[in-house]
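Participant: Test case, fold it:
(one chain, ligands or ions: 1)
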Amino acid sequence: MATTNSQATDDDAVMSDVKNFIDGQYRESAGARTFDNINPCTGAVIGRVHEASQEDVDAAVQAARAALRGPWGSLSEAQRGEMLHAVAQGIERRFDEFLAAECADTGKPRSMASQIDIPRGAANFRVFADAVKNISTEAFRTATPDGKGAFNVAVRKPKGVIAVISPWNLPLLLMTWKVGPALACGNTVVVKPSEETPTTTSLLGEVMNEVGVPPGVFNVVNGFGPKSAGEFLTEHPGVDAITFTGETRTGEIITQAAAKGLRDVSMECGGKNPALVFADCDMDKAIEGTLRSAFANCGQVCLGTERVFVQRPVFDEFVARLAREAGRFRLGVPEDGSTDMGPLVSHEHQRKVLSYYQLAVEEGAEVILGGGVPEMPAELAGGAWIQPTIWTGLTDDARVVNEEIFGPCCHIRPFDTEDEAVALANATPYGLAAAIWTENVSRALRVAPQVDSGICWVNSWFLRDLRTPFGGTRQSGIGREGGQHSLEFYSELQNICIKI
Ligand code: NAD
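Facilitator: Below you'll find the model as predicted:
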């Protein structure tokens, strides 16, 4: 790990020392408070994190505001775009460091982080740098009583200082998903990464410095939510807009903070996503897709499937095959090439997921697979391990089939008709993602628009094009990001009306 952000400990093991990044410099906390960074595979302390005080957050917001007026503000879109392409290259140049840091913080398999998390971290800068250049704004020619007319032209301007609050499940990917377009639109940012996974966000500060992004454009404050960096930042009057990814309950709290001063919010929140498996599906594809959607990243994907509805003629076959395949998953450490599934992110999250495993039994589930903590080798016994779990037999009002668990588990329930499947899919307060498995195109086109979700995949899952709208309905979020929708959130449109 890089020197600005790490330290050697007494026993000479390299421990990460994750500082706040303010005005282009790594700083210890003004309040001298730190907290431990824990490896979820072993429970060992792998570093310490400097918790930002109110004073640190204030300094970060002020630095971000000053940078809006400095050299950053005078760059053209094309110049900013070049710089963001250089950031993407900088991430790629230090790919192995980002990969090691992400895997150490999350415990996720290297195979996943190297194919998804880190490449998407770089892509988020390229895609939005290009989007700003290539997506135009409106222009109208307007009639006037004197017959001479007028032109109306809309121009995009930065919103100002953007607070970015990000979660722990895909730390670099989800943080850059917001920082990329925010910077492409000319804003400056103060990022509060999750307390569980702060390292790659902090490391990005080094890349920003290396490629010459002016100080104050990208700032990082570490800490927790309530009465810590998260609350200090979202309550700060110097913040012009807040973009958040995380739990719905946290989103509600942040939306209340944003109401002061009528600051704009973008909310990407939780889900309880359904998969609808019709009898006319390609069963191999449906099994392979559901294995990924329910268990990838140890079930810690907002778009993941926790409710599977299978048409009755293929129900038994589907349950048996999914359980057989999921039962073969190899649990292990990120570095082991044969690992299919890592641990959960923390013991706190493990306690939450296990409480749902317990509740499922109390609510009358038949446990088809898993349901507890696996036996691991002695050196991993302190980790937050959990078994992939499949249930059937719960009633539709069971808490386990209505509340987001965010673990490697799903409940499978049979259905008979298309209408029934749609009603079941829409029966929670969430509306983030859905997957439909059918070889009948007419059915797919009929069913998909009836499902209340921000994204609905047909015969796939997690197939993402960053130009498309992304977000959730109802309790899954407010607004859309992606492509032009990100540009809409991260800029103010000013209409200039020119009388001829
Ligand atoms: P979380 O809500 O606990 O935390 C998210 C971030 O908010 C963290 O940085 C946390 O420190 C901060 N925070 C917490 N309380 C705060 C407060 N009062 N004020 C300001 N900041 C506060 O979420 P999590 O556990 O990190 O992530 C998992 C959740 O994220 C799941 O619900 C998942 O569905 C959701 N998620 C949604 C999407 C999406 O795109 N819709 C993507 C990934 C994850």
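Participant: helices or strands next to the helix or strand containing residue 420 in the packing?
Facilitator: Remark: residue 420 resides in helix 418-425, with elements defined by DSSP states H and E. Of the remaining helices and strands, those touching helix 418-425 by 3 or more CB pairs under 8 Å, 6 or more residues apart in numbering; DSSP states H and E are strand 273-277, strand 305-311, strand 409-415, helix 441-447. All C-beta atoms are positioned from the backbone trio N, CA, C, and that covers glycine.
Participant: of all these, which lies closest to the ligand?
Facilitator: Nearest of the helices and strands packed on helix 418-425 to the ligand, taken as CB to the nearest ligand atom: strand 273-277 at 9.2 Å.
Participant: before we move on, the earlier item: okay, the helices and strands packed on helix 418-425, which one's buried deepest?
Facilitator: Of those, the one with the most neighbours on average (mean count of other CB atoms under 10 Å) is strand 273-277, at a mean of 29.
Participant: ok, and what's touching that one?
Facilitator: Strand 273-277 is contacted by residues 286, 289-290, 293, 303-311, 314, 318, 415, 421-422, 424-425, 430, 432-438, 447, 451, 453, 461 when judged by CB atoms under 8 Å, 6 or more residues apart in numbering.
Participant: now for the very next helix or strand once past that strand, which elements pack on it?
Facilitator: Following strand 273-277 in sequence order, the next helix or strand is helix 283-295 (DSSP H and E). Contacts defined by 3+ CB pairs under 8 Å, 6+ apart place helix 283-295 against strand 273-277, strand 305-311, helix 312-326, strand 409-415, strand 433-437.
Participant: Contact partners for residue 154?
Facilitator: 137, 138, 139, 493, 494, 495, 496.
Participant: Just to check, the fourth one is in contact with residue 137?
Facilitator: In other words, residue 493. Yes: counting by CB atoms under 8 Å, residue 493 touches residue 137, with 6.7 Å between them.
Participant: Identify the contacts common to those two.
Facilitator: 154, 155, 156.
Participant: Just give me the closest of these to the ligand.
Facilitator: Looking across the shared contacts of residue 493 and residue 137 and measuring by CB to the nearest ligand atom, the closest to the ligand is residue 156, at 23.9 Å.
Participant: Just list whatever residues bridge to that closest one.
Facilitator: Beta bridges link residue 156 to residue 493 when assigned by DSSP bridges.
Participant: Please write out the alpha-carbon positions of the helix holding residue 420 in CSV.
Facilitator: Taking C-alpha atoms only, helix 418-425 is exported to CSV below (Å, rounded to 0.1, in the frame of the first residue of the first chain):
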residue,chain,number,x,y,z
GLU,A,418,-48.6,-14.5,-15.1
ASP,A,419,-50.9,-12.2,-13.2
GLU,A,420,-50.2,-13.9,-10.0
ALA,A,421,-46.4,-13.7,-10.7
VAL,A,422,-46.7,-9.9,-11.3
ALA,A,423,-48.8,-9.4,-8.2
LEU,A,424,-46.2,-11.3,-6.1
ALA,A,425,-43.3,-9.4,-7.6
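Participant: Cross-check the contact I'm expecting between residue 428 and residue 306.
Facilitator: No: using CB under 8 Å, residue 428 makes no contact with residue 306, being 9.5 Å away.
Participant: Quick check: residues of the stretch 151-300 of the chain near the ligand?
Facilitator: Residues of the stretch 151-300 of the chain lying near the ligand by CB under 6 Å from any ligand atom: 165-169, 174, 192, 194-195, 224-226, 230-231, 234, 245-247, 250, 253-254, 268-271.
Participant: Can you say which of those are buried?
Facilitator: When those are checked for burial by 16 or more other CB atoms under 10 Å, the buried set is 165-169, 174, 192, 194-195, 224-225, 230-231, 234, 245-247, 250, 253-254, 268-271.
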